[in-house]
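K.L.:
Have a look at this prediction, sequence included:
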Amino acid sequence: MRDPLTDEALDQLFREARTHAAWLDNPVTDDVLRQLYDLMKWGPTSANANPARFVFLRSPEAKVRLRPILSPGNVQKTMTAPVTVIVAYDLLFYEKVPKLWPHNPGVRSMFEQNPQLVEVTAKRNSSLQGAYMMMAARAIGLDCGPMSGFDNAKLDEEFFGAGKECDGCEQEFFPAGHVKSNFLCNLGYGDSSKLRQRGPRLEFQEACNIL
């Protein structure tokens, strides 16, 4: 058995963590983003399939491309965030299953023959991986601002459509039409002075049942 985390660690991950919309002018480096991924990648997924794909928008040019896709209420906080992550999923994730699930590579054919299973698996597990990313971000000292409030179809066309492969990226990362957006998450160092009063949560008896 492992020892439980300290109260200080639990506060950082959950009890005192907040969704931020205002940001300090502190950059998030490549090394921090790599550290973030190298931590969150260990979270479990179905058949270890890892369907999530992450695009870190940090440059002004990338943010300009995103701006018209956002709902009006999300523009300011996203444009001022040091990084905005597109949490997406690859509908061809099963092509990597033989590498990721080597003791049963036949699982690939199960997905290939069932597009509905592919869609459900990709959406559910990329959502899980996006949550792992947020917890990993908090663990290494970053703050998060997850959100919907954007046009998924327009985002997919702009960042994952034909001819939209990014400079310096492996082309296979952006197979046109096969990577779809799930949600966005701003990352950086939040300005705690701009936080609103924290919203309440449901009590155990309102949300849980023990059978």
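P.N.:
Now that the structure is in, tell me what you want to look at.

K.L.:
quick one: contacts for M134?
P.N.:
C144, P146, C185 (CB atoms under 8 Å, 6 or more residues apart in numbering). The way it works is simple: take the backbone N, C-alpha and C, and place the C-beta from them, glycine included.

K.L.:
change it to 10 Å
P.N.:
Neighbour list for M134: 13, 17, 19, 36, 40, 85, 87, 142-146, 185, 187 [criterion: CB atoms under 10 Å, 6 or more residues apart in numbering].

K.L.:
quick one: average pLDDT of the strand ranked longest in the chain?
P.N.:
Of all segments of type strand in the chain, defined using DSSP state E, the longest is strand 179-188. Mean per-residue pLDDT for strand 179-188: 97.

K.L.:
Same question for stretch 16-28.
P.N.:
97.

K.L.:
Give the buried residues for it.
P.N.:
For stretch 16-28, the neighbour count (16 or more other CB atoms under 10 Å) marks A17, T19, H20, A21, A22, W23, V28 as buried.

K.L.:
Okay, and the closest residue to the second one other than its chain neighbours sits in which element?
P.N.:
If I follow you right, that is T19. Spatial nearest neighbour of T19, excluding adjacent residues (CB to CB, 6 or more residues apart in numbering): G145 at 5.6 Å. Here G145 sits within strand 143-147, counting by DSSP states H and E.

K.L.:
Below-threshold pLDDT in the chain: ranges please.
P.N.:
In the predicted model, the chain carries pLDDT under 70 at residues 162-175.

K.L.:
contacting residues around D11?
P.N.:
Neighbouring residues of D11 by CB under 10 Å, 6+ apart: L5, A17.

K.L.:
That one and A17, how far apart?
P.N.:
Distance, D11 to A17, using CB to CB, to the nearest Å: 8 Å.

K.L.:
ranges for the strands of the chain?
P.N.:
Using DSSP E, the strands of the chain run over residues 52-57, 83-90, 143-147, 179-188.

K.L.:
Buried members of the contacts of M134 into ChimeraX, please.
P.N.:
Buried residues among the contacts of M134 (16+ other CB under 10 Å), as a ChimeraX selection:
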select :17,19,36,40,85,87,142,143,144,145,146,185,187
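
K.L.:
Which one of the contacts of M134 is nearest to A52?
P.N.:
V87 (6.3 Å; CB to CB).

K.L.:
Tell me the bridge partners for the closest one.
P.N.:
Counting by DSSP bridges, V87 forms beta bridges with F54, F183.
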